[in-house]
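Trainee: generate a structure from the sequence data that follows.
(one chain, ligands or ions: 2)
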Amino acid sequence: MQTSFTPQQLTDPDAAASEAILRKCVHCGFCTATCPTYLLLGDELDSPRGRIYLIKEMLENDRPADAKTVKHIDRCLSCLSCMTTCPSGVHYMHLVDHARTHIEKTYTRPATERWLRSLLAFVLPRPSLFRLALFGARFARPFAGLMPGRLQGLVRMAPASIPSPSVTDRPQVFEARAPRRRRVALMTGCAQKALAPAINEATVRLLTRLGCDVVVAKGAGCCGALTHHMGKSDTSDASAAANIRAWMAEANGDGLDHIVINTSGCGTTVKDYGFMFREDAALAADAATVSRLAVDVTELLDKLAPEPVIKVPPLKLAYHSACSMQHGQKIARLPMDLMKRLGFDVHPVPEGHICCGSAGTYNLLQPELATRLQARKVANIESLGPDVIAAGNLGCMIQIGQATAIPLVHTVELADWATGGPKPAALEGIGVMKRQPADYIIETAA
Ligand code: SF4
Ligand code: SF4
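Mentor: Ligands and ions are numbered 1, 2, ... in the order given. As a prediction, the model looks like this:
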């Protein structure tokens, strides 16, 4: 694609990066076939190619975002299905991230929209505050139907019972319970701590059992993805910088072989820290190191090659591959191969490349489109007739779980179970638990 940025504009590194991306697009339109919003709406401006034109026009003319551009960029899920499809290697993620930052800086949204976005950006990354908000939401649940659409989504997100804080929330080292093979940092995240601490607990049990010292680094927290995708780059950069400092203190201290992430949405962002901080003289090298060390938990499990120690019941498992897993990190078959090796009967979800509508805060900000995608995803899953649904991203688990009665578990919970951990709570009533609760205690050390 021809561009006409001025030499002056190209002195801005973000403009230069976007210009290089735009020049790679050859307008072929292959990406439209796999874009969820184009599939639903059939509008060229809700396709990757249409959005690329809108972004080009906005950035090239150095003008504030207008309502039309904002509408179509806001409808983008950042699912990155277009990046998987594109034969020309167009890095749509970096382009739309730049556009969102530009929109946030130059466009004034209606007051209610600004309020909702600020609320989400403030509450979701803070686990204690988010837990309090979930308690409040639980009491408001019976009245959800009376609330405006987007507040309903927030209230319905609250689980029936709010989990207690977990031992894995605190900075510490969980020592290997087998001959030591790796020292890894676990990213315990933000919203996941409040909504599903069992995922971090299963990860710690599993990795320590497989010979890893697991560090929860002091000062590490939210990866910044939630605010990054809202264009709030100052906030997301601050979260990312805190993580980089926390993990590098460990890497430069007792050393780290990997930074393990069990929420693929966060993994995509942490793996991009190197790009996000490329112009930051103080943090560029450390950010690149953190991105290099970052692995999804299934990538590490592939290296550790766990063996099953129980024969799991013959459950039919539907594996939902999160967009951030398959498109963002290009991890496609690996989690399914791992589940098969551990004895599960795994089936990929039909039309698996299409987003479930979760997409960070998308289901809260764009509930109508998100609900249509949710229904489409659940219909595809239920067409398999599975006993269980497995996924590697909490956002998808919540989105899908709101629309089906089939139990949902995280991949690490299944791997933990098959290698000697407790049966995931969501599967109570399915199969037989063979071990005693005392076998599952997490051992902590200083
Ligand atoms: S990121 Fe997803 S929703 Fe956005 S343009 Fe690409 S395919 Fe479409
Ligand atoms: S597939 Fe790639 S090159 Fe073709 S229109 Fe889409 S982004 Fe551009």
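
Trainee: quick one, phi/psi of the residue nearest to Asp46 when sequence neighbours are not counted?
Mentor: By the measure of CB to CB, 6 or more residues apart in numbering, the closest residue to Asp46 outside its immediate chain neighbours is Thr37, 4.3 Å from it. In short, each C-beta sits where N, CA and C put it, glycine included. Dihedral pair for Thr37: phi -70, psi -30, per degrees, to the nearest 10.

Trainee: so who does Thr37 touch?
Mentor: The contact partners of Thr37, by CB atoms under 8 Å, 6 or more residues apart in numbering, come to Asp46, Ser47, Arg75, Cys76, Leu77, Leu369.

Trainee: pick out the most distant pair among these.
Mentor: Ser47 and Leu369 (13.8 Å; CB to CB).

Trainee: out of the two, which sits in the busier spot?
Mentor: More crowded of Ser47 and Leu369, by other CB atoms under 10 Å: Ser47, with 24 against 21.

Trainee: so what does the helix or strand containing Trp247 touch, helix or strand wise?
Mentor: Following DSSP states H and E, one finds Trp247 within helix 233-252. Secondary-structure packing of helix 233-252 (3 or more CB pairs under 8 Å, 6 or more residues apart in numbering; DSSP states H and E): strand 182-187, helix 225-228, helix 264-270, helix 273-276, helix 284-293.

Trainee: check which residues of the second one are buried.
Mentor: Judged by neighbour count using 16 or more other CB atoms under 10 Å, the buried positions of helix 225-228 are Ala225, Leu226, Thr227, His228.

Trainee: on that earlier part again, pick the most buried one from the helices and strands packed on helix 233-252.
Mentor: Among the helices and strands packed on helix 233-252, helix 264-270 has the highest mean neighbour count (mean count of other CB atoms under 10 Å), at a mean of 28.

Trainee: near ligand 1, anything from that helix?
Mentor: No: Helix 264-270 lies out of reach of ligand 1 by CB under 6 Å from any ligand atom, never closer than 11.7 Å.

Trainee: and the stretch 51-200 of the chain, which residues reach ligand 2?
Mentor: Ile52, Cys82, Thr85, Cys86, Ser88, Val90.

Trainee: surely the third one touches Phe30?
Mentor: Yes: applying CB atoms under 8 Å, one finds Thr85 in contact with Phe30, separated by 5.5 Å.

Trainee: give me the more crowded residue out of these two.
Mentor: Thr85 (18 against 14).

Trainee: ok, the more buried one - contacts?
Mentor: So Thr85 contacts Phe30, Cys31, Ala33, Thr34 (CB under 8 Å, 6+ apart).

Trainee: give me the number of residues near Gly420?
Mentor: For Gly420, using other CB under 10 Å, the count is 17.

Trainee: that one: what secondary structure?
Mentor: Classification of Gly420 using DSSP: H, G, I helix; E, B strand; the rest coil returns coil.

Trainee: check what pLDDT it gets.
Mentor: Gly420 carries a pLDDT value of 96.

Trainee: find the nearest non-adjacent residue to it, please.
Mentor: Per CB to CB, 6+ apart, closest to Gly420 is Val309, 4.8 Å.
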